[in-house]
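> Pasted the sequence and its predicted model underneath.
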Amino acid sequence: MPVSGYCIRIDSIVSWEINSDTKLCGGRVNREERRGKKVSISHWGWIFRHCGPRSQTPLYPLFLLLLASIVLSGCGGGSAEIREIPAPPVQVSVSSPAIIGSTIYVGSTDGRVHSLSFAIPNAAPSVNWELNVNSSIDSSPALSSDGTIYFGADNGFLYAVDSNAVIQWTYPAGSSIKSSPAVGCRGRIYFGSESGSVFALNPDGSLLWSFPTGGPVSSSPSLYGTSALFIGSEDQKLYALTQEGVLRWSFTADNAIQSSPAIDGEGRVLFGSDQGTLYSVDFSGALLWSDTTGGPLHSSPILDEDQNIYVGSNDGSIYGYDLSGNRLFQQATGDKVSGSGTVTTSSQILFGSRSARVYRFTTDGTLLAQTPVDSAIASSPNIGSNYGLLTGVFDKKILWLPSSDVLSDRSSWPRFRGNGLQNGYLPCVQPSQVVSDSQRFGASTWGLDPLGNVQSKDNANFSGLLLGSPADRYLLEATLFTNGDTTNDDDTIGLVIAAVEDPSGNLHTLSAVRSTIGTFGGIQGAIWALVSVQLSSTDAIQGTTLWVNGLSLLTEINQTEDNWNDFPAGVRVQVEKVGSSVRALTSSLDKTALQPLNSDFELSLDLNSSPYLQRFLAPTRGGFAAHSQPFATFGDIRTDGAKTCKNF
């Protein structure tokens, strides 16, 4: 969530100069520029300039590595110590860095993939290893959940490499691979090639399927859940395929598509064309809106948590749009903006420009700073929690500050390739999977309602589902209502904020609960409250505690005779746990329509405030709960950046 009362400052630039005999090839410029002209050229993340045709003896380009530190500091000013740290002797590249933990993987035009570590705050990055595949790497690495690194090369091979630099397998695509791979939740790998085909591989490297387009594919695929794949081609079409390789539809743009699609989680796909047009289409392929800028769009759009869209144009401007396509602002930079931006947890937007400046602005387009650097920037930054903004530059020294900000985890697509792993994958919540994969507690039966929503099937005492794996930070949101025969039933539906099992097998839960009459396990007035429940190993309630009562905040306090059937649209609830801090929001109950979340109804709790609550300080899980309420239903579920899967 946004951090209030703070701002982000870019305090220092890192420079490091590296001589190279690397042949320049590829990059995120138009196809004519690739063929023989001396141009400033870049890919998604690293910068180099001045190269002749491929047939000439390569020049010795100046590679640039910009490490701009992002530091949370009071908006009124203040400074932090700038440290000059020697950089490791690493060949910088044209591919964008992928980050997992404090380890960075990046390819280079000299045919090497590098692994670096920023494991120790305030210390220089160290080189873990480099792997030479003897072919220029313009593709940006993508990381799978098991740590495998995938990337393509100009020799036409897709590589799978483990974290120790051991090649696991290669796949011959038959032509140069500029497209960056996407990795789905089932471990499948998807990418395009200059031959015009889209490929899908199994985790062992065997071919699953291939799909031909009518032009080179330098766009990178974007995956939605386990259903959809979106990718552009220079034949002017955006293709929507199933992840089994079946064409669902294609959308014809006004020019070639080199931009990689972004997905907003609400069933919309955003991408740009070489004509300079930004498109928004829905999951059926219908055009929602478009807007034309003054230059080609090679930048991939990014989104903030409010679904505002930001994109750079080769006309030298950064553009902001709302979800409906209304242009919010245009920020001129003086030169091409061919890289994507980054959205931080503090809801600030960072872009680089070939005007040799880093731009930082708020989500409404208010320019906060433009920091000059020594060379043009045509890269897409990544952010690591230990070291700040990473894209890249000269001089073999690093001026570096510890970072307090990280990549936004509330946006569906906050940077190039969607996330720090660069796997091009947007997860979504599949209710059937929630029911099958969650840990159940209590005596109720759980399943799906006729519309596919998560639902309890009877009116047993406190019961529910716990999601996923334990975590220190998470957000859960859903619409709570009933869908079944609940005449005269007015009991409790809630979201579990934290759940912990003690050594005796008793389950302790902390939940934000809603009811229409306000009774919960003997607690009166719990129309809106934070309560804890202790269940024995046999699912018997051993105790309940009311920690925060929000009764006085709500407008429906006199609606004590109504039941859930009187509110068919239900009520919206959001809970968030960040370390020791717990907060919950709700909407008003309304007879006819679902109301928005209301910040005036916020409840908060410090887990350090009670010895009992301290048991929830450890990584825990959220989930869904009902108390004596049959057909308690949870719709439009959202977990962090993931939302309920849309039909495709």
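Nice, thanks for sending it over.
> what's residue 442 in contact with, if anything?
Residues in contact with residue 442 (CB atoms under 8 Å, 6 or more residues apart in numbering) are 460-464, 535, 539, 625. For every residue, glycine as well, the C-beta is placed using N, CA and C.
> repeat that with 7 Å
Listed by CB atoms under 7 Å, 6 or more residues apart in numbering, the contact set of residue 442 reads 460-464, 535, 539.
> Which ones among these lie within helices?
Among the contacts of residue 442, no residue falls in helices (DSSP state H).
> If we only consider those residues, which is nearest to residue 167?
Closest approach between the contacts of residue 442 and residue 167, by CB to CB: residue 464, at 45.9 Å.
> Of all the residues in stretch 193-209, which ones are buried?
Buried residues in stretch 193-209, counted by 16 or more other CB atoms under 10 Å: 193-201, 203, 209.
> care to break the protein down by domain?
6-426, 431-643 (automatic domain parsing).
> mind putting these in a markdown table, mean pLDDT included?
Below are the domains of the chain laid out as a markdown table (pLDDT from 0 to 100):
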| stretch | mean pLDDT |
| --- | --- |
| domain 6-426 | 76 |
| domain 431-643 | 88 |
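> Let me know which of the ones you listed is tucked in deepest.
domain 6-426 (a mean of 21; mean count of other CB atoms under 10 Å).
> ranges for the strands of the stretch 501-648 of the chain?
Listed in chain order, the strands of the stretch 501-648 of the chain (DSSP state E, counting those that start in this stretch) span 507-514, 519-520, 523-524, 528-535, 541-549, 571-578, 581-586, 598-606, 623-627, 632-639, 642-643.
> hang on, the earlier thing: distance to residue 434 added to the contacts of residue 442, as CSV?
Shown next, in CSV, are these (distance: CB to CB, whole Å):
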residue, distance to residue 434
460, 19
461, 22
462, 19
463, 15
464, 11
535, 20
539, 20
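> Name the helix or strand for residue 281, please.
Assigned by DSSP states H and E, residue 281 belongs to strand 277-282.
> Moving along the chain from that strand, name the first helix or strand you hit.
Taking DSSP H and E, what comes next after strand 277-282 is strand 287-292.
> And the following helix or strand past that next one, what does it pack against?
Next in sequence after strand 287-292, counting helices and strands by DSSP H and E, comes strand 302-303. Using 3 or more CB pairs under 7 Å, 6 or more residues apart in numbering; DSSP states H and E, no helix or strand is in contact with strand 302-303.
> who wins for proximity to residue 338 among the strands of the stretch 501-648 of the chain?
Closest among those, once you apply CB to CB, is strand 642-643, at 29.6 Å.
> Who does the closest one pair with, and is each partner parallel or antiparallel?
Strand 642-643 pairs in its sheet with strand 632-639 (antiparallel), by DSSP bridges.
> Only the C-alpha atoms, please, for the strand it pairs with, written as CSV.
What follows is strand 632-639, C-alpha atoms only, in CSV (Å, rounded to 0.1, in the frame of the first residue of the first chain):
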residue,chain,number,x,y,z
ALA,A,632,-21.7,-17.5,3.0
THR,A,633,-20.2,-16.5,-0.4
PHE,A,634,-17.0,-14.7,-1.4
GLY,A,635,-17.0,-13.0,-4.8
ASP,A,636,-14.4,-11.0,-6.8
ILE,A,637,-11.5,-12.2,-4.7
ARG,A,638,-8.3,-10.3,-4.8
THR,A,639,-5.0,-11.4,-3.2
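> List of residues touching that strand?
By CB under 7 Å, 6+ apart, strand 632-639 touches 429, 431, 449, 453-456, 467, 474, 476-483, 493, 624, 626, 644.
> In helices only, show me these.
Those of the contacts of strand 632-639 lying in helices (DSSP H): residue 431.
> Show me the contacts of strand 632-639 that map onto strands.
454-456, 474, 476-482, 493, 624, 626 (DSSP state E).
> And the furthest pair within those residues?
Pairwise over those, using CB to CB, the maximum falls at 474 and 482, 25.7 Å.
> could you redo the strands of the stretch 501-648 of the chain as TSV and give each row distance to residue 285?
Formatted as TSV, the strands of the stretch 501-648 of the chain follow (distance: least, CB to CB, whole Å):
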stretch	distance to residue 285
strand 507-514	39
strand 519-520	47
strand 523-524	51
strand 528-535	42
strand 541-549	47
strand 571-578	30
strand 581-586	35
strand 598-606	36
strand 623-627	34
strand 632-639	23
strand 642-643	20
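> Of those, which is nearest residue 126?
Of all the strands of the stretch 501-648 of the chain, strand 571-578 comes closest under CB to CB, at 30.6 Å.
> Which neighbouring elements make contact with the closest one?
Counting by 3+ CB pairs under 7 Å, 6+ apart, strand 571-578 packs on strand 473-482, strand 492-501, strand 507-514, strand 581-586.
> Paired strands for the third one, with orientation please.
Read it as strand 507-514. Assessed with DSSP bridges, strand 507-514 is paired to strand 492-501 (antiparallel), strand 528-535 (antiparallel).
> So for residue 231, which of the ones you listed sits nearest?
Among those, strand 492-501 sits nearest to residue 231 (CB to CB), with 36.3 Å.
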